[in-house]
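In: Next come a sequence and a model predicted from it.
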Amino acid sequence: MIKMILACDLNGVIGNGNSLPWGRSLPYDLNRFKELTEGHIVVMGRKTFESLGSKPLPNRENVILTRDVNYFTDLTHYNSREKENNLFVSHHIEHILDEYDRTIDGKDLWIIGGMNVYEQFMPYVQEIYITIVNGEFEGDTKLNPEFKYNLSNDFSLYTMSAKGADSENKYSMSFEKHVRVKGEYK
Ligand SMILES: NC(=O)c1ccc[n+]([C@@H]2O[C@H](COP(=O)([O-])OP(=O)(O)OC[C@H]3O[C@@H](n4cnc5c(N)ncnc54)[C@H](OP(=O)(O)O)[C@@H]3O)[C@@H](O)[C@H]2O)c1
């Protein structure tokens, strides 16, 4: 199944200066992200990959989208085994979708951002997991009106839970799962 996961603040802000607006102040959410995506395939834009320190996420197949045809070769800090096992570079979303359809083996395809990539995969996604961080942050990357329209029009809120702030997590959060009820998907 193709799934999407993102975290936003109360105003839909998801990024600032190529990092999370709330930094690493929400380990609970990072851990939740890890638990949901481990063992699966994660797809991200080149900017998000670089925001993670240009390192693939462990225990997941990482697919990086870029139009730069030399990007893979330029990742010289990886040995070929690492590259072979969990780091793939793609230049077209259609190739990712075709390859996923061809080789599907019980793994989910998780679209993990950023905004540019969320928008393009929206028509193919069946479930969207959203963490809403209970705060208002400075940001340069935000969920756009079209994304919000598609979310409210084509998806239905399926489950919701919440977690309060604590000594390790600076802000309270709510967790939403939206399931597609309308539109195209594979
Ligand atoms: N809060 C969250 O849940 C969350 C999650 C992820 C990211 N973020 C934040 O989001 C921000 C980054 O988002 P963004 O929208 O600016 O960038 P992005 O989506 O991470 O990356 C955009 C890049 O992906 C490549 N790309 C996109 N579509 C492509 C296509 N169809 N074919 C080939 N390549 C394609 C291009 O790379 P090239 O320029 O190399 O061609 C493009 O510049 C950061 O602040 C990050 O921290 C937040």
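Out: Here it is on my side, so go on.

In: what is residue 175 paired to in the beta sheet?
Out: Note on residue 175: beta-bridge partners residue 131, residue 161, judged by DSSP bridges.

In: Over to residue 41?
Out: Judged by DSSP bridges, the bridge partners of residue 41 are residue 61, residue 109.

In: Surely it is in contact with residue 109?
Out: Yes - contact between residue 41 and residue 109 holds when scored by C-beta atoms under 8 Å: they sit 5.0 Å apart. All C-beta atoms are positioned from the backbone trio N, CA, C, and that covers glycine.

In: Phi and psi next, for the one residue sitting closest to the centre of the chain.
Out: The structure's the chain has its C-alpha centroid closest to residue 112; by C-alpha atoms, centre = their mean the separation is 1.1 Å. Residue 112 adopts backbone torsions of phi -110, psi 10, taken as degrees, to the nearest 10.

In: With residue 124 instead?
Out: Torsion angles, degrees, to the nearest 10, at residue 124: phi -100, psi -10.

In: For the residue nearest to it when sequence neighbours are not counted, which residues are in contact?
Out: Nearest residue to residue 124 in three dimensions, chain neighbours excluded: residue 2, at 5.2 Å (C-beta to C-beta, 6 or more residues apart in numbering). The neighbours of residue 2, taking C-beta atoms under 8 Å, 6 or more residues apart in numbering as the test, are 100, 108-109, 111, 121, 124-126, 185-186.

In: from these, which ones fall inside strands?
Out: Those of these mapping onto strands are 109, 111, per DSSP state E.

In: Adding pLDDT and neighbour count, write the contacts of residue 2 out as a markdown table.
Out: Formatted as a markdown table, the contacts of residue 2 follow (pLDDT from 0 to 100; neighbours: other C-beta atoms under 10 Å):
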| residue | pLDDT | neighbour count |
| --- | --- | --- |
| 100 | 94 | 19 |
| 108 | 97 | 17 |
| 109 | 97 | 25 |
| 111 | 98 | 25 |
| 121 | 97 | 20 |
| 124 | 96 | 19 |
| 125 | 97 | 23 |
| 126 | 96 | 16 |
| 185 | 63 | 14 |
| 186 | 55 | 13 |
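
In: List just the nearest of the contacts of residue 2 to residue 23.
Out: residue 111 (22.4 Å; C-beta to C-beta).

In: Correct me if wrong: that closest one contacts residue 1.
Out: No - assessed by C-beta under 8 Å, residue 111 is found out of contact with residue 1, at 11.3 Å.

In: Next one: the residue lying farthest from the centre of the chain from the ligand, what distance?
Out: What lies farthest from the middle of the chain is residue 167; by C-alpha atoms, centre = their mean that is 26.2 Å. The gap separating residue 167 from the ligand is 23 Å, by C-beta to the nearest ligand atom, to the nearest Å.
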